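Enquirer: I need the structure of the sequence given here:
(one chain, ligands or ions: 2)
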Amino acid sequence: MFYLERLTLEGFRNYRYQQVHFHPALNVITGNNAQGKTNLLESIFFLSVNRSFRTRKDHELAYFDGHCFNLKGNFIKEGFNHAVQVEYRSNKRLMMKVNNDHFNRYAQIQNYPVIVFSPDDLQMISAGPSVRRRFLNLEASRLDSLYLKELKDYQRVLNQRNQVLKNYLPRARLEDTLSPWDQSLVELGVSLIRARVAMIKALEIEAGHFFSEMTEEKEKLSLEYASTVPYCGDREEMKELFYRDLLNKRDQELRRCSTLLGPHLDDLVVSINGYNTRPYASQGQKRTAALALKMGEVSLFHHKNDLCPIILLDDVFSEFDLSRKQQLLDFLNKSGGQCFITSAVDLQGMVEKLNRTYKHIVINQGCIRDETVRTGD
Ligand code: ATP
Ligand code: MG
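Expert: Ligands and ions are numbered 1, 2, ... in the order given. I've put the predicted structure just below:
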């Protein structure tokens, strides 16, 4: 059992100071627009992942004109209390503590898993490949710490290699200088691609299962990795193919001053009934597909670590038809993870059909206006 029991927000977004206790299973957060519902979910995500799902700029998270914020959360994990604290001060490194021990940012990313689904996640289907790569990188890093290390190394190698390509060295010197970077690029690139392909195969099963339930078995979701490097079962053969293609691209890379092959350019193709969602799917289908990817991650993490991540669903219920809403609630009920659902409209009738206890929290201008534990019929 893993859940967030208590959270204190200080100077975070529109919260001056607020403490809140949560239900271990289900928390329904309602309030008018612009009151702080998404901000509350963002703070939970930040505590876990050490970054926001809405911005990469930490200073935007500090209360207007403030220069700092502080988040404290008590996660309960297999009966033990983990006091997690994150403190931001402008011009200082983010401070993170777990039970008073200091950690670097992202060091605890696997330990307090939280998965968020927000309206912006439609971008995972609609926007360009970089959004899907970010999704793959974040989720693969959470499933495997080696992936995170190799990803950081790959990004460093990529930057160095691009730097060499920009230096206009004479050809012989260029080949000498590039050679070690080529080797590292190939080595790390092949590792990342293979890890991504393995994750996508597993994700296809889990996300596909969720998607079928959401569409009452009428539609089928499939995932495919679109690689700039030829993929094959054998790692050594793949490295050779990557290296060969890299040499073939040399002139083009020199003209463009950048690396034109590798996982930093790859994509994830999401299809429904065999058709690519990006050009063909409806809004509702895209949203369901994006949600399926996230819920697939929940299941993958759960199977791998025997721990169900905390699920944050921002405004998800306003987007789906009645049948999808019901299917989603049923899935959440079965998942066993702690769940936070925000909505600007009342969800009481819908949630109470689940026949379970939950907490209803009403937010007004960055303050908790009301909190009640309710039981379904
Ligand atoms: P909606 O139903 O429209 O999604 P919401 O309740 O989710 O609304 P939030 O996104 O949580 O609303 O934002 C609530 C308020 O927080 C907004 O009015 C916004 O201007 C304010 N806000 C955002 N960033 C900051 C900040 N750094 N300092 C103070 N207030 C902020
Ligand atoms: Mg919101």
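
Enquirer: Just list the residues touching Ala127, thanks.
Expert: By C-beta atoms under 8 Å, 6 or more residues apart in numbering, Ala127 lies in contact with nothing. In short, each C-beta sits where N, CA and C put it, glycine included.

Enquirer: typed the wrong thing, it's Ser335
Expert: Contacts of Ser335 (C-beta under 8 Å, 6+ apart): 295, 298-299, 302, 308, 311.

Enquirer: could you dump those residues to CSV with secondary structure and distance to Leu148?
Expert: As requested, the contacts of Ser335 are exported to CSV (DSSP: H, G, I helix; E, B strand; the rest coil; distance: C-beta to C-beta, whole Å):
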residue, secondary structure, distance to Leu148
Met295, helix, 22
Val298, helix, 19
Ser299, helix, 21
His302, helix, 20
Cys308, coil, 21
Ile311, strand, 22
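
Enquirer: With distance to ligand 1 as added columns, please give the residues you listed in CSV.
Expert: Shown next, in CSV, are those (distance: C-beta to the nearest ligand atom, whole Å):
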residue, distance to ligand 1
Met295, 21
Val298, 22
Ser299, 27
His302, 27
Cys308, 25
Ile311, 17
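
Enquirer: burial count for the closest residue to ligand 2 within the stretch 1-150 of the chain?
Expert: Residue of the stretch 1-150 of the chain nearest ligand 2, by C-beta to the ion: Thr38 (3.2 Å). By the criterion of other C-beta atoms under 10 Å, Thr38 has 22 neighbours.

Enquirer: quick one: it from ligand 1, how far?
Expert: According to C-beta to the nearest ligand atom, to the nearest Å, Thr38 and ligand 1 sit 3 Å apart.

Enquirer: and the residue nearest to that residue when sequence neighbours are not counted, what pLDDT?
Expert: With C-beta to C-beta, 6 or more residues apart in numbering as the criterion, Thr38 has its nearest non-adjacent residue at 5.3 Å, and that residue is Asp314. Note for Asp314: predicted pLDDT of 97.

Enquirer: which residues pair with Asp314 across the strands?
Expert: Legend: beta-bridge partners of Asp314 under DSSP bridges are Thr342.

Enquirer: And the contacts of the particular helix or strand that has Gln163 in it?
Expert: According to DSSP states H and E, Gln163 maps onto helix 145-166. For helix 145-166, contacts defined as C-beta under 8 Å, 6+ apart pick out 106, 109-110, 137, 140-141, 174, 177-178, 181-182, 184-185, 188-189, 191-192, 195, 253-254, 257-259, 262-264.

Enquirer: Surely Asp65 forms part of a helix?
Expert: No - per DSSP: H, G, I helix; E, B strand; the rest coil, Asp65 lies outside any helix segment and is coil.

Enquirer: Spit out the contact partners of it.
Expert: So Asp65 contacts nothing (C-beta under 8 Å, 6+ apart).

Enquirer: now Glu216
Expert: 323, 327.

Enquirer: is it true that it lies in a helix?
Expert: No - the assignment for Glu216 (three-state DSSP) gives coil, which keeps it out of a helix.

Enquirer: Just say helix, strand or coil for Gly233.
Expert: For Gly233, the assignment made with three-state DSSP gives coil.

Enquirer: How many residues are close by it?
Expert: 7.

Enquirer: residues in contact with it?
Expert: Taking C-beta under 8 Å, 6+ apart as the test, Gly233 contacts no residue whatsoever.

Enquirer: ditto for Ser118
Expert: The contact partners of Ser118, by C-beta under 8 Å, 6+ apart, come to 38, 41, 53-54, 312, 314-315.
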